[in-house]
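Novice: Fold the following for me, if possible:
(one chain, ligands or ions: 1)
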Amino acid sequence: MKHDLITTADRRGDSSALGASAELGLAEFREIAVIMQREARIHLVESKLTLVHSRLSRRLREHGVSNFRDYVALVNRDEAERRAMVTALTTNHTHFFREAHHFDHLRSAVLPDLQARARAGRPVRIWSAGCSSGEEVYTIAMTIAGESHASAAWLRNGDVRLLATDIAPHVVASVAEGVYAESTVEPIPPAYRAHWVKPHEKGFIIADELRALVTPRVLNLFDHWPMKLQYDVIFCRNVMIYFDDAAKAELETKLIDMLAPGGHLYIGHSERLSARGIAKMFSAGQTIYGKIEGSAGQ
Ligand SMILES: C[S@@+](CC[C@H](N)C(=O)[O-])C[C@H]1O[C@@H](n2cnc3c(N)ncnc32)[C@H](O)[C@@H]1O
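Specialist: Next up, the predicted model:
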């Protein structure tokens, strides 16, 4: 095997599925990388060749395609397969209460203002951008609902909406379903679980009251954003790591534009805003930024 070629048969120890022809060479990898950059702005470096091979081998099998050259040709002529390839190459790792300090901050520093807004009859808008299967948006929902039904009364009486978007349709469908395995709901603190997580035939389901707050939507962050109101809180965590600097800068500008003055942006632990972005924000904690009142997006 050449060092830059991995075959499905090599990986599976099985020469029957696709035969030795299902090699992913650098030429096809580079074509795939160009398509990913164009379609989703996801930046694939050559060290991801093995990962790309392993994630796409199933797509080749599903189409009965025996080599990556033919698969790339299929992707180029078939929009549905292009979308399926983009989805297959997204990384959807997430969990409940990930980077817990963000939720401590949301509860102690932001929630009182959100409640005051809602009680004054003003809309409250929260966005989980790059939400994956919904653990992030439901962690936000539990955090603002609190540890009892009484503490969630402000949500029932106010105009409060949580938007959850991702480019990958299968994870957005999981958000809509709100059903999780026992091992997945384990990180949820017992006081929240007692109120907001119910037994379900397939594991556990997020309580209707919280699911009703959430609007799940498929959205490529580099397409047009249809939202009309600015957002009070945006979580865009562990998403920008997949983009190159130009895409990060573009997204950062759009996110800051979409944030209401005084609103908060939460980013992932290994992500940073650019100097240009930071100039419009104040630091509110580790990877937490508030939008300076009167600051425009540009
Ligand atoms: C690692 S997950 C992060 C999930 C969650 N935010 C968290 O921190 O736990 C990254 C998500 O970003 C999504 N994503 C990647 N590129 C995207 C794009 N161009 N538009 C929208 N979502 C994208 C992926 O599909 C994936 O579900």
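Novice: Report how many residues lie close to the nearest residue to Gln286 once chain neighbours are set aside.
Specialist: Leaving aside its sequence neighbours, Gln286 sits nearest to His101 (CB to CB, 6 or more residues apart in numbering; 6.2 Å). C-beta: built from backbone N, CA, C; applies to glycine. Neighbour count for His101, taken as other CB atoms under 10 Å: 13.
Novice: Pretty sure His101 sits against His269.
Specialist: No - contact criterion CB atoms under 8 Å: His101 and His269 do not qualify, at 9.3 Å.
Novice: Need the residues touching each of the two.
Specialist: Residues touching both His101 and His269 (CB atoms under 8 Å, 6 or more residues apart in numbering): Gln286.
Novice: and the gap between Leu163 and Tyr192?
Specialist: 21 Å (CB to CB, to the nearest Å).
Novice: ok now stretch 239-249, how far from the chain's centre?
Specialist: Taking CA atoms, centre = their mean, to the nearest Å, the mean C-alpha location of stretch 239-249 is offset from the chain mean by 13 Å.
Novice: how long is that stretch end to end?
Specialist: Stretch 239-249 has its terminal residues 13 Å apart, counting by CA to CA, to the nearest Å.
Novice: what about it, near the ligand?
Specialist: Yes - Stretch 239-249 reaches the ligand (CB under 6 Å from any ligand atom) through Val239, Tyr242.
Novice: same check, this time on stretch 75-84
Specialist: No - contact of stretch 75-84 with the ligand (CB under 6 Å from any ligand atom) is absent, the minimum separation being 11.9 Å.
Novice: Setting aside sequence neighbours, what's the nearest residue to the residue positioned nearest the centre of the chain?
Specialist: By CA atoms, centre = their mean, the chain has its centre lying nearest to Gly130, at 2.1 Å. In space, and not counting its chain neighbours, Gly130 is closest to Val239: 3.3 Å by CB to CB, 6+ apart.
Novice: Then Pro261?
Specialist: Glu293 is the one closest to Pro261 (CB to CB, 6+ apart), at 4.4 Å.
Novice: does that neighbour sit in a helix, a strand or a coil?
Specialist: coil (DSSP: H, G, I helix; E, B strand; the rest coil).
Novice: and it, how many neighbours?
Specialist: For Glu293, the neighbour count with other CB under 10 Å is 10.
Novice: Kindly report the same for Asn67.
Specialist: 19.
Novice: Begin at 15, not 1, for the rest of this chat.
Specialist: New numbering, starting at 15: the last item is Asn81.
Novice: So what does it look like in phi/psi?
Specialist: Backbone geometry at Asn81, expressed as degrees, to the nearest 10, gives phi -150, psi 160.
Novice: Direction included, what does whichever strand or helix holds Phe218 pair up with?
Specialist: Per DSSP states H and E: Phe218 is located in strand 217-220. Partners of strand 217-220 in the sheet, by DSSP bridges, are strand 193-194 (antiparallel), strand 211-214 (antiparallel).
Novice: For the ones you listed, could you give me CSV that also reports distance to the ligand?
Specialist: Putting these into CSV (distance: least, CB to the nearest ligand atom, whole Å) gives the following:
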stretch, distance to the ligand
strand 193-194, 14
strand 211-214, 18
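Novice: now these in CSV, with mean pLDDT and mean neighbour count?
Specialist: As requested, these are arranged in CSV below (pLDDT from 0 to 100; neighbours: other CB atoms under 10 Å):
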stretch, mean pLDDT, mean neighbour count
strand 193-194, 98, 20
strand 211-214, 98, 14
